[in-house]
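Peer 1: Dropping the sequence and predicted coords here.
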Amino acid sequence: MNWKDIIAGILPFIALLVYSLLFHVNIILALEKINYIVILSFLSAYFLQMSIISLRDKYMVDISYKSAFKARLLGNASSLLIPGWAGQELARAAIYNLEKKNLIESLSLSIAEAPFDVISGAILFIIILPIKFYYIEFLYVLVALGNIVGWSIGIAYVYSTAGRHVETEKRLMKLIGIEKYYFILLQGKDSIRNSIGNRRFIMYMALSFLGYLVLSAGLYPLIPNYFYDIVVTMTYFAATLFPIPGASGVSELALAIVLPSSYVFDIIILEYVSYALGFIFLREISFSELKKDIDKIKKDGELYKRADS
């Protein structure tokens, strides 16, 4: 582990400590509210959400439910170290690759899951957020809107151009000197289109919404108002859209819009603990095999599919 990994790992806790000092949070009193009932409720809701989303991922990627569940947990854990959603997609692809034996397809399908996670979460956040007309609040709304528009345009483009050679794409890739990897883009778009259909799109989006609503229920013992629990859950989600490890700093600011400072501390701790549980699957990833796949693609510039072992 290098110094960058160490900094990324402790950054969320540094941000939480700074927030506690700035807002005079009594850490001892804040932790006292997180009793075993609160912990069990939140973790149960978290695992239930992961179970629902993993069902969606299983059909999208065409892998076993067990692998989909592991990938989802490890992906969330990786977001504590790697900024934004990039770490989640890479981690999930690493698990998928153990079954599919094709890194390009695994990564493409992992990326295809992100629009459902992001668009459903961003829509729910914008619909349910109580507008208090704080300047900082509009920043989170703009980021959420930007993600809805960006991912929607991206999926529409991929779906409409999959299976076709687009001259503009070739020219752009040639301009930046990576034209020999055009096959990666072609296969990636094909994989994404084949995994998403009109009926499946609706089902996948419905499962994504359901997952967030289930997770919100886990906060009820701490904040006994289900509507407000949804607000808190989706506000934290909006903070994760920022490309910062563990949403450090931005999550505290977001939650401060809707919660007293001591509750902000509690929510952040619960989120970090639940996410970190995914690291138990880290040793199942063969980084050496992943590196071999990536090196093969770089070296040959041609489609490579590792033989089943």
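Peer 2: That came through, no problem.
Peer 1: low-confidence ranges in the stretch 51-200 of the chain?
Peer 2: Within the stretch 51-200 of the chain, the segments meeting pLDDT under 70 span 83-87, 101, 131-134, 176-184, 198.
Peer 1: what do you get if the cut-off is 90, keeping everything else the same?
Peer 2: Applying pLDDT under 90 to the stretch 51-200 of the chain flags residues 60, 62, 75-112, 114-115, 129-138, 154-200.
Peer 1: where do the helices sit along it?
Peer 2: Secondary structure of the stretch 51-200 of the chain by DSSP state H, counting those that start in this stretch: the helices cover 65-78, 86-100, 103-128, 135-161, 167-175, 182-195, 198-217.
Peer 1: How many residues are close by residue 39?
Peer 2: 17 (other C-beta atoms under 10 Å). C-beta coordinates here come from the backbone N, C-alpha and C atoms, glycine included.
Peer 1: Check whether it really touches residue 274, as I assumed.
Peer 2: No - using C-beta atoms under 8 Å, residue 39 makes no contact with residue 274, being 9.5 Å away.
Peer 1: show me the contacts for residue 144.
Peer 2: 122, 125, 126, 238, 241 (C-beta atoms under 8 Å, 6 or more residues apart in numbering).
Peer 1: Quick check, the third one in contact with residue 140.
Peer 2: So the one you mean is residue 126. No - Residue 126 is beyond contact range of residue 140, at 9.4 Å (criterion: C-beta under 8 Å).
Peer 1: the more surrounded of the two?
Peer 2: Of the pair residue 126 and residue 140, residue 140 is the one with more neighbours under other C-beta under 10 Å, namely 23 against 16.
Peer 1: ok, and the closest non-adjacent residue to that one?
Peer 2: Nearest residue to residue 140 in three dimensions, chain neighbours excluded: residue 238, at 4.7 Å (C-beta to C-beta, 6 or more residues apart in numbering).
Peer 1: Can you report how many residues neighbour the one you found?
Peer 2: Other residues near residue 238 come to 27 when the count uses other C-beta under 10 Å.
Peer 1: For the helix or strand hosting it, which outside residues touch it?
Peer 2: If you go by DSSP states H and E, residue 238 is part of helix 226-240. Helix 226-240 is touched from outside by 79, 84-85, 121-122, 124-125, 128-130, 140, 143-144, 212-213, 215-220, 223, 247, 250-251, 253-255, 257-259, 267, 271, with contacts defined as C-beta under 8 Å, 6+ apart.
Peer 1: Could you measure from residue 118 over to residue 148?
Peer 2: Separation of residue 118 from residue 148 (C-beta to C-beta, to the nearest Å): 8 Å.
Peer 1: what's near enough to touch residue 109?
Peer 2: By C-beta under 8 Å, 6+ apart, the neighbours of residue 109 are 60, 61, 93, 96, 191, 192, 195.
Peer 1: Next, work out how far apart the fourth one and residue 88 are.
Peer 2: In this case it means residue 96. Residue 96 sits 12 Å away from residue 88, going by C-beta to C-beta.
Peer 1: got it, and the second one?
Peer 2: Spatial separation of residue 61 from residue 88 under the definition C-beta to C-beta is 14 Å.
Peer 1: Dump the C-alpha coordinates for stretch 155-166 into CSV.
Peer 2: The C-alpha trace of stretch 155-166 is given here as CSV (Å, rounded to 0.1, in the frame of the first residue of the first chain):
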residue,chain,number,x,y,z
ILE,A,155,-26.8,5.6,-22.5
ALA,A,156,-28.9,6.9,-25.4
TYR,A,157,-25.8,7.4,-27.5
VAL,A,158,-24.4,4.0,-26.8
TYR,A,159,-27.8,2.3,-27.4
SER,A,160,-28.2,4.1,-30.8
THR,A,161,-24.7,3.6,-32.1
ALA,A,162,-24.0,0.1,-30.9
GLY,A,163,-23.1,-2.3,-33.7
ARG,A,164,-22.0,0.5,-36.0
HIS,A,165,-18.7,2.1,-36.8
VAL,A,166,-19.0,5.8,-36.2
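Peer 1: about what we covered before: let me have the helices of the stretch 51-200 of the chain in TSV, extended by distance to residue 46.
Peer 2: Formatted as TSV, the helices of the stretch 51-200 of the chain follow (distance: least, C-beta to C-beta, whole Å):
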stretch	distance to residue 46
helix 65-78	9
helix 86-100	15
helix 103-128	15
helix 135-161	22
helix 167-175	39
helix 182-195	25
helix 198-217	6
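Peer 1: Let's see the helix holding residue 238 as CSV, backbone CA atoms only.
Peer 2: What follows is helix 226-240, C-alpha atoms only, in CSV (Å, rounded to 0.1, in the frame of the first residue of the first chain):
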residue,chain,number,x,y,z
TYR,A,226,-39.6,7.4,7.3
PHE,A,227,-40.0,10.3,4.9
TYR,A,228,-37.1,12.1,6.6
ASP,A,229,-35.1,8.9,6.5
ILE,A,230,-35.4,8.9,2.7
VAL,A,231,-34.3,12.5,2.6
VAL,A,232,-31.2,11.7,4.7
THR,A,233,-30.3,8.7,2.6
MET,A,234,-30.7,10.4,-0.7
THR,A,235,-28.8,13.5,0.5
TYR,A,236,-25.8,11.3,1.4
PHE,A,237,-26.1,9.7,-2.0
ALA,A,238,-25.9,13.1,-3.7
ALA,A,239,-22.6,13.7,-1.9
THR,A,240,-21.2,10.4,-3.3
